[in-house]
Each structure stands twice: as structure tokens, then as C-alpha cells.
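**Q** Sharing a sequence plus its predicted fold:
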Amino acid sequence: MEQLGRLIDCNGKRIYLVKGIFDYFDDKNFPRLLKAWEEAKGLQAQLYVGLYTDDVLERTGHKRRLKGRVSDQDRINLLEALDFIDGAFCINSLDTNMIEAKLKECVAKTKDEEVSDSKYEIGYASGGFCKLHKGHVEHLREMKRQCKKTVVAINSDKLIEDYKGKRTSINEEMRLKILSHIRYVDIAIITDRYDKMEALEVVKQLCGKYYDAIFVGSDWRDNPKWESLEQQLNERGIKVVFTERPEQGISTTAIDKEGYNNRNS
């Protein structure tokens, strides 16, 4: 069977290198990464990902349709948020020697440790998390920065269809699998209920106590539904934390509108 990547000796370390675009994770490119991880483990190697830059793509007659909306650093952050990726870097040349030089730089680089504030014991967040993108990762990273433990509820296929009146493009099992491999998520579950007060009991069953902070994107700030919910939660000593959306905002809807489905390998 053909392998997805290439085994490279890098300063005495066994590295399995795969290459691609990876602007977000979906049911096509995420399984590819999981397969590469299995291959890397079989070879007793670390898994690294090389990301084609826009210059390389254009020189080879390709185009990254989310150019300008998802930066190279966004893509690196997205990949390195996965618990089985050891590192990611950008490929600005197709020359093998140049690629290996970039890989060596990446392997030698010391990763910055996440600074933890731990204001809260348990943080909770919920959402569809379809086509997991940089906005999702930044939201979850900020929650983990402030919480000792994080619980993330993925809205079920039925809940999304009932609430939004549309079918999700990525089924709940795949979305759960992706979230379960994000470093900032301690517990990932599927929920059939939108009620955040009911979620208190769910979290208590999982963790032995209620969540003391719920994390929501800042685009929901001043929404009447959330203002009412915030009051109810505050009365129980629970904080609603709004995380700021990235300056170059992105969403699953925006990705779908770009017509980039199933081409983000």
C-alpha cells in the first residue's frame, strides 16, 4: 500500500513527513492525517507536516482559495493543536534539499509553552464545530488557558438540523473524533440539547461538579438570548466568558461559500 509521506532521518530523529494545504479539518483531510499518524507510529517516527505556501501552489498551477483569510501561521497553529502532530512548517520550495532544511529548522525549534491562567476549575463550550478552523482553535485555546479542565459539547446532527434547519456537512462522529484530538479539549461529548442550564448536570456527571465558566464567541455578545442566560448563570456563580473572534474572521459558512469543499488536502 502506498504511504502518504516520506521517512527522513533528521539529526538522528526519525521523521515521517506529509505535505498538504490544511486550511481547516474536515472528513476528507483529517482521516488522511490520522492515517499518516498510524504510518508514523508503525515506523517509530515523529509526524511532521509541511504546508505548501501560496507561491509554491501558484507556481504549480494551484490556488489556495482561503488565501488572505487563513494565514500560514494560522495553518501551523491549527496542525500543532492536534495531539499527534509533532510540528508543522511552511514549504516555499519544491527542492528536496530546501524542504529538508526547513524540516530540520522546525525539529530544532523549541515550542513555546502555553501560558495557563487557570481562573476556573471547569470550562464548558458547545457548538457545531463543522470544518474545524482557526476561529474554533483560538476559542478552545483561550478556554484551556483559563481553565484547569475543559469540556466541549458537539451539537448532534439532529440538533443542528432542528436548530438551524439544515444538515451538517460533517457528521457528529467525525466532529467528535477531531475535537477529541485537540490539545485544548480534555473531554469531548455529543449533545442533543441546546439548553446550557441542562449542561450543568451533564458536566457534573462527567466531572463531579458543575462548570464554573462557559465560553462563547464574542459575536454572541449583546444577543438577547445570551443576556438572559448570562443573568441566570451569574446568579449561580457561573461566569460567561466571551472570546474575541480573530480579526480575519472565518466560519464554516464562509468556507462553504468559497467552494473549497473536499479540496483541502
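**A** It's in.
**Q** Quick one: the strands in this structure, in order.
**A** Under the criterion DSSP state E, strands of the chain are mapped to 6-10, 13-20, 46-52, 87-91, 120-127, 147-155, 187-191, 213-217, 239-243.
**Q** Next, the contact list for residue 53, please.
**A** Residues near residue 53 by Cβ atoms under 8 Å, 6 or more residues apart in numbering: 72, 90-92. Where C-beta positions appear, they are placed from N, C-alpha and C, glycine not excepted.
**Q** Where neighbours are concerned, which of those has the most?
**A** In terms of neighbours by other Cβ atoms under 10 Å, the contacts of residue 53 top out with residue 91 at 21 neighbours.
**Q** List the beta-bridge partners for that one.
**A** For residue 91, the beta-bridge assignment (DSSP bridges) gives partners residue 52.
**Q** what about it, distance to residue 153?
**A** According to Cβ to Cβ, to the nearest Å, residue 91 and residue 153 sit 36 Å apart.
**Q** sorry, back to before: tell me the one of the contacts of residue 53 nearest residue 173?
**A** Set against residue 173, the nearest of the contacts of residue 53 by Cβ to Cβ is residue 72 (30.7 Å).
**Q** Please verify my assumption that that closest one contacts residue 90.
**A** Yes. Using Cβ atoms under 8 Å, residue 72 is in contact with residue 90, at 4.9 Å.
**Q** Based on its surroundings, how many neighbours for residue 15?
**A** When neighbours are defined as other Cβ under 10 Å, residue 15 has 24 of them.
**Q** pLDDT score assigned to the nearest residue in space to residue 244 that is not next to it in sequence?
**A** Closest residue to residue 244 apart from its sequence neighbours, by Cβ to Cβ, 6 or more residues apart in numbering: residue 218 at 5.0 Å. Residue 218 is assigned 85 on the pLDDT scale.
**Q** Isn't residue 218 up against residue 240?
**A** No. Contact criterion Cβ under 8 Å: residue 218 and residue 240 do not qualify, at 11.2 Å.
**Q** Those two - which one has more neighbours?
**A** Between residue 218 and residue 240, counted using other Cβ under 10 Å, residue 240 has the larger neighbour count: 19 against 12.
**Q** Quick test: name the residue nearest the centre of this structure.
**A** Centroid check for the chain by Cα atoms, centre = their mean gives residue 137 as the closest residue, at 4.4 Å.
**Q** what touches both of residue 72 and residue 90?
**A** Counting by Cβ under 8 Å, 6+ apart, the residues touching both residue 72 and residue 90 are 51, 53.
**Q** hmm, back to that, and the residue nearest to the centre of the chain, what does it touch?
**A** Residue 137 neighbours (Cβ under 8 Å, 6+ apart): 77-78, 81, 182, 184.
**Q** how about a cut-off of 6 Å?
**A** Listed by Cβ atoms under 6 Å, 6 or more residues apart in numbering, the contact partners of residue 137 are 78, 81.
**Q** same deal with residue 179?
**A** Applying Cβ under 6 Å, 6+ apart to residue 179 gives the contacts 129, 152, 154, 185, 188.
**Q** please redo it, this time with the cut-off set to 8 Å
**A** Shown in contact with residue 179 (Cβ under 8 Å, 6+ apart): 129, 132, 152, 154, 185, 188.
**Q** which other residues reach stretch 153-169?
**A** Stretch 153-169 has contacts (Cβ under 8 Å, 6+ apart) with 26, 124-131, 171-172, 175-176, 179, 188-194, 199, 202, 252, 256, 261.
**Q** and those, which are buried?
**A** Using 16 or more other Cβ atoms under 10 Å as the burial test, those include 26, 124-131, 172, 175-176, 179, 188-191, 199, 202, 252 as buried.
**Q** which secondary element of the chain has the worst mean pLDDT?
**A** Least confident helix or strand of the chain, by mean pLDDT, DSSP states H and E, is helix 252-257 with a mean of 64.
**Q** Helices along the stretch 1-150 of the chain, start to end?
**A** 29-42, 54-59, 72-80, 96-108, 134-146 (DSSP state H, counting those that start in this stretch).
**Q** Of the ones you listed, flag the one that's most buried.
**A** Mean neighbour count (mean count of other Cβ atoms under 10 Å) peaks for helix 134-146 among these, with a mean of 22.
**Q** No further questions, thank you.
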